[in-house]
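In: Provide a 3D model corresponding to the input given below.
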Amino acid sequence: MAEGIRKVKTSDLELKDRLVSIQRVTKVTKGGRTFSFSAIVVVGNEDGIVGHGLGKASEVTAAIAKGIEDAKKNLIKVPVINGTVPHEQVAKFGGAKVFIKPASAGTGVKAGGAMRAVLESVGVKNVLAKSKGSSNPHNLVKATFAALLEMRDAFSIAEHRGIKMEKVFNG
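Out: From the prediction side, this is the model:
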């Protein structure tokens, strides 16, 4: 397992799913065109646990169901403090760049499209987010996950350094 990835067990979790994107894809064969569907799905318990998945099938509902199953295999734990993220974070995946910044209470989720689905599934209530570069939903979701994986709260920093919580803030 890679450094920084926090895997979560799926048993006894109440996960809600959000459809980020659905595409109709075409395969051209000798006999003509064959249509199928590709769905990007984000699942989360709105309390710090989130996952994303991709499902492909010949029907929309089957593609979404496969995406949900795939998302349940890729769950991660994200620190959420007072309904927002602990600190600013920038991440990049492919051509998509994301910027996530904590916001005060009452701000809401200021994010667009794919980022909004991921942040709401995590359980973040107040955040400022900006996507730059590519608007490809696949890469936006993965860049958002990369940013969330790099988030650390004060408790995990103190544990990593082997010091008490008070010394994290007081030096």
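
In: buried sites along the lowest-mean-pLDDT helix or strand in the chain?
Out: For the chain, counting by mean pLDDT, DSSP states H and E, helix 165-170 ranks last in confidence among helices and strands (a mean of 74). The neighbour-count check on helix 165-170 (16 or more other C-beta atoms under 10 Å) flags residue 168 as buried. Every C-beta, even on glycine, is put in place using the N, C-alpha and C of the backbone.

In: how far out from the middle of the chain is that helix?
Out: Between the centre of helix 165-170 and the centre of its chain there are 30 Å (C-alpha atoms, centre = their mean, to the nearest Å).

In: ok, now stretch 55-66?
Out: On C-alpha atoms, centre = their mean, the centre of stretch 55-66 falls 20 Å from the chain's centre.

In: again, but for stretch 28-45
Out: That offset, for stretch 28-45, works out to 21 Å (C-alpha atoms, centre = their mean).

In: Start at 23, not 1
Out: With the count now opening at 23, the last piece we talked about shows up as stretch 50-67.

In: quick one: low-confidence parts of the protein?
Out: Along the chain, the parts satisfying pLDDT under 70 run over 23-34, 193.

In: just the helices in it please.
Out: Ranges of helices within the chain are 82-94, 135-144, 159-171, 176-183, 187-192, based on DSSP state H.

In: what's the angle from the second one to helix 82-94?
Out: On the basis of axes from the mean of the first three to the mean of the last three C-alpha atoms, to 10 degrees, helix 135-144 is oriented at 60 degrees to helix 82-94.

In: Report the spatially closest residue to residue 187, excluding sequence-adjacent ones.
Out: residue 180 (4.8 Å; C-beta to C-beta, 6 or more residues apart in numbering).
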